Structure formats: C-alpha cells, structure tokens
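# Fold the stuff below for me.
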Amino acid sequence: MSTLTGKRVAFLATDGFEDSELTSPWLAVTDAGATAVLIAPGAGTITGKNGHEQPVDATSAEAEAADYDALVLPGGVVNADDLRLDTAAVRFARDFFAQHKPVGAICHAAWLLVEADVLGGRTLTSYPSLHTDLVNAGATWRDDEVVVDAGLVSSRTPDDLPAFNEKLVEAIAEGRQPAQTV
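Residues are numbered from 1 along each chain as shown. The predicted model follows:
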C-alpha cells in the first residue's frame, strides 16, 4: 500500500453523512500515514445517518484547500444536499480542482461537485440516481465500482469502499494532478 506520511487529507461533511463513507476512507488514509481533518459548515460534532458522531476540526468558512493535500467527500443524501447549499463548502471543494489536488467522492457526494461546476469533460460514477444530474453538468457517467479521472476518484455506494479506498490512497500518494483543473 502507498504511504501518505506527511499528507493532510480534508474530509468535508455535515449531518446526515453515510457513516461508512466517512469512517472507512478515514481509516484507509490514516492507516497509510496521513492526517485526516474533518471540515463541516458548523463547529462541534456532526452525526451520520446511522448515528456515528465525529468531531469537527474546522469549519468550511475558515478552511483553505492550500492547507491540505487531498479532499474526500462522503456521501449521504442529506449530507450532500446540505453541503451544496453552503457557499464556503462549494468554494472549498472547487479550490482543490483549481490547485490540481486529488478529490474522492462517493455515492451522493458528486452533487457538491455539480454545484462547484468542476465536472465538465470528466468521467465519474456515483449513486445511480445522480446519473442525469452529472450528465447535465457535462460529465460522462459510468456504472463502475470505482472510476479515476485525473485525480478525481469516485464510487457508487458503501459496497464499493474497498476499491474506492485503494484508488483514493493511490491518488493521494501520486499528489498533484496537472490535468485536475476547474
């Protein structure tokens, strides 16, 4: 497995996240040596749809993509829908693309990327119900367990987490992605 020693990985989520889509990638990147940091619209603690609680390290309003090596976006319908209404969260996600940094998005998380307007010309996967939204945002959608496109790592559901985690760690280890643009 790749080593991520010295890397800082931001996880952007809020209440209603899919528990395993936060905890499993978190464990994968920390086991590989990275420091994981939870960013959310509000301070305190966020709660997943199945009850997992996670303390917030910084708010989206104060977070800067320049301080991190990669971004992970857990899914969850409520989580993704609420995040795309937070202008600071949208800006934060968009900045990772502008800085050519790896981004992982699973399940409904791609909704935030639609709002950030970073999907034109990209290929990705998601929960199947997002297919039309992603195509309308200019993306090519595939029904695969994991899709990697110039540092954008995407998967469909918690069932895909092993493949997602493997490709996510690889992308973070590779670092900056010149083709990862806005």
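
# For the most centrally placed residue in the chain, give me phi and psi.
Geometric centre of the chain, nearest residue: residue 73, 2.2 Å, by C-alpha atoms, centre = their mean. Per-residue torsions, residue 73: phi -120, psi 100 (degrees, to the nearest 10).

# Which parts of this structure are strands?
Taking DSSP state E, the strands of the chain run over residues 8-12, 35-40, 45-47, 53-55, 58-59, 70-73, 103-106, 123-124, 140-141, 146-149, 152-155.

# what's the distance between the third one and the middle of its chain?
Meaning strand 45-47. Taking C-alpha atoms, centre = their mean, to the nearest Å, one finds the center of strand 45-47 at 17 Å from the center of the full chain.

# Quick check: mean pLDDT of that strand?
For strand 45-47, the mean pLDDT works out to 98.

# Please name every helix or strand in contact with that strand.
With contacts taken as 3 or more C-beta pairs under 8 Å, 6 or more residues apart in numbering; DSSP states H and E, strand 45-47 sits against strand 53-55. Glycine gets a C-beta too; all of them are placed from N, C-alpha and C.

# residues of the strand it packs on that come out buried?
residue 54 (16 or more other C-beta atoms under 10 Å).

# partners of it, with directions?
Strand 53-55 has its sheet partners listed here by DSSP bridges as strand 45-47 (antiparallel).

# Assess the claim that residue 12 and residue 80 are in contact.
No. Here residue 12 does not reach residue 80: they are 10.2 Å apart, not a contact under C-beta atoms under 8 Å.

# Can you pull the residues that touch both of the two?
Common neighbours of residue 12 and residue 80, counting by C-beta atoms under 8 Å, 6 or more residues apart in numbering, are 73, 112.

# that older thread, quick one, which of the strands of the chain is nearest to residue 131?
strand 140-141 (4.9 Å; C-beta to C-beta).

# hang on, the earlier thing: the strands of the chain into a markdown table, with extra columns for distance to residue 21?
Conversion of the strands of the chain to a markdown table gives the following (distance: least, C-beta to C-beta, whole Å):
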| stretch | distance to residue 21 |
| --- | --- |
| strand 8-12 | 10 |
| strand 35-40 | 13 |
| strand 45-47 | 13 |
| strand 53-55 | 12 |
| strand 58-59 | 20 |
| strand 70-73 | 9 |
| strand 103-106 | 5 |
| strand 123-124 | 15 |
| strand 140-141 | 19 |
| strand 146-149 | 13 |
| strand 152-155 | 9 |
